[in-house]
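Colleague: my questions concern the predicted model and sequence given below.
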Amino acid sequence: MPELPEVETIVRAVKPYAEGKKIQAIRSDTPRLFRECKSFGAVKKAVEGKRIIALERIGKNIVFRLDGEYDLWLHLMMSGSLLTGREAGKETYIRMEIELDNGKKILFRDIRKFGRVRLVEKIDTSMRLGPDALVVSFSQFAYIIQRKKKAVKTVLLDQSLVCGIGNIYADEILWYAGVMPLRNTDSLSMEEIKKIYKYMNTVLSAAIRVAGTSFRDYRKPDGSEGGYFAARKVYQRTGEACAKDGALIQRTIIAQRGTHFCPAHQL
């Protein structure tokens with residue numbers, strides 16, 4: 001699933017392409033994409049003719065800020081991506097097409113049809129997302145961690161607590177911090193919380209610099225791949241030697257997610 005670095009990469013690439021342009025038309029043959037809306041017709045009526053004031057990332061969400069009553073929220077889910085500068089006929093698995101008033105298109109490609117589009121009123125506060133992982137202050141983060149009694153990885157994955165982190169980067173952050181993903185948050189020392197906070201920023205920023213992790217379906221808007229997969233330390237490295245101490249990377253399940261860790265230095 002595209003996480004904060006992948007979504008940030010997409011937003012940065014599409015932003016100059018889309019901001020200030022009007023949505024000339026929106027097309028889709030995938031009603032499932034709009035399952036949280038009244039209908040695709042309602043989306044079409046609300047956004048066509050509206051200008052894209054800003055394109056933003058909120059957690060793992062892509063938000064088209066429009067000059068009307070509503071904003072358009074996209075969640076890429078497992079296999080979604082936004083592509084630009086391409087004709088729809090040259091791409092497969094296109095679930096939505098946004099045509100801009102300059103004739104250019106933004107395509108929502110989604111192999112598995114898990115992605116979703118929401119039409120959100122500007123005053124709507126129902127999204128219930130926690131502070132962004134790159135913005136949250138240490139005091140906020142420490143408070144979030146200390147008031148929970150769950151596995152630390154489960155807390156990192158909970159978008160209502162801190163938004164933007166998914167399976168890949170939770171594993172990477174905890175590897176760098178030297179913290180076992182199964183540890184309950186109430187057992188963590190303040191020093192360990194400081195390390196998790198530090199490496200949350202370090203890992204996410206490093207992944208953004210190389211345009212995210214292309215694993216399975218994710219691609220940048222120009223169709224190329226991100227570079228973090230080759231640099232990862234623990235995710236999907238089961239049975240390989242840990243880059244820090246040589247111990248073999250192990251795998252377990254936490255919150256129904258495959259979880260990778262080093263049994264030697266993650267305590």
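Modeller: Nice, I can see it.
Colleague: strands paired with the lowest-mean-pLDDT helix or strand in the chain, and their directions?
Modeller: In the chain, no helix or strand scores lower on mean pLDDT, DSSP states H and E than strand 80-84, which sits at a mean of 92. According to DSSP bridges, strand 80-84 forms sheet pairs with strand 105-110 (antiparallel).
Colleague: grab the nearest non-local neighbour of G166.
Modeller: The shortest distance from G166 to any non-neighbouring residue, by CB to CB, 6 or more residues apart in numbering, is to E3 (3.8 Å). Yep, even glycine has a C-beta here, placed from its N, CA and C like the rest.
Colleague: quick one, what contacts that neighbour?
Modeller: Going by CB atoms under 8 Å, 6 or more residues apart in numbering, E3 touches 60, 164-169, 212-213.
Colleague: repeat that with 7 Å
Modeller: 60, 164-166, 168-169 (CB atoms under 7 Å, 6 or more residues apart in numbering).
Colleague: inside helices: which ones of these?
Modeller: Using DSSP state H, the subset of those located in helices is 168-169.
Colleague: got the phi and psi for the nearest residue to K15 once chain neighbours are set aside?
Modeller: Using CB to CB, 6+ apart and skipping residues adjacent in sequence, the residue nearest K15 is L55, 4.6 Å away. Note on L55: backbone dihedrals following degrees, to the nearest 10 are phi -120, psi 120.
Colleague: with M96 instead?
Modeller: Dihedral angles (degrees, to the nearest 10) for M96: phi -150, psi 140.
Colleague: do the same with K22
Modeller: The phi/psi pair for K22 (degrees, to the nearest 10) is phi -90, psi 150.
Colleague: and the closest residue to it other than its chain neighbours, what pLDDT?
Modeller: Closest residue to K22 apart from its sequence neighbours, by CB to CB, 6+ apart: D101 at 4.0 Å. In this prediction, D101 carries a pLDDT score of 96.
Colleague: quick one, strands of the stretch 1-150 of the chain?
Modeller: 23-27, 52-58, 61-66, 70-75, 80-84, 94-100, 105-110, 116-121 (DSSP state E, counting those that start in this stretch).
Colleague: kindly reformat those strands as TSV containing distance to A46.
Modeller: Shown next, in TSV, are these (distance: least, CB to CB, whole Å):
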stretch	distance to A46
strand 23-27	9
strand 52-58	13
strand 61-66	8
strand 70-75	5
strand 80-84	19
strand 94-100	13
strand 105-110	17
strand 116-121	6
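Colleague: mind putting these in JSON lines, mean neighbour count and distance to L134 included?
Modeller: Shown next, in JSON lines, are those (neighbours: other CB atoms under 10 Å; distance: least, CB to CB, whole Å):
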{"stretch": "strand 23-27", "mean neighbour count": "17", "distance to L134": "28"}
{"stretch": "strand 52-58", "mean neighbour count": "18", "distance to L134": "9"}
{"stretch": "strand 61-66", "mean neighbour count": "21", "distance to L134": "14"}
{"stretch": "strand 70-75", "mean neighbour count": "21", "distance to L134": "18"}
{"stretch": "strand 80-84", "mean neighbour count": "24", "distance to L134": "20"}
{"stretch": "strand 94-100", "mean neighbour count": "21", "distance to L134": "26"}
{"stretch": "strand 105-110", "mean neighbour count": "23", "distance to L134": "24"}
{"stretch": "strand 116-121", "mean neighbour count": "19", "distance to L134": "22"}
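Colleague: and P221, which of those strands is closest to it?
Modeller: strand 80-84 (4.7 Å; CB to CB).
Colleague: from memory L182 sits against T154, does it?
Modeller: No - counting by CB atoms under 7 Å, L182 does not reach T154; the two are 9.3 Å apart.
Colleague: give me the common contacts of these two.
Modeller: Common neighbours of L182 and T154 (CB under 7 Å, 6+ apart) are I254.
Colleague: which one's more surrounded, the two?
Modeller: A direct count of neighbours by other CB atoms under 10 Å for L182 and T154 places T154 higher, at 19 against 15.
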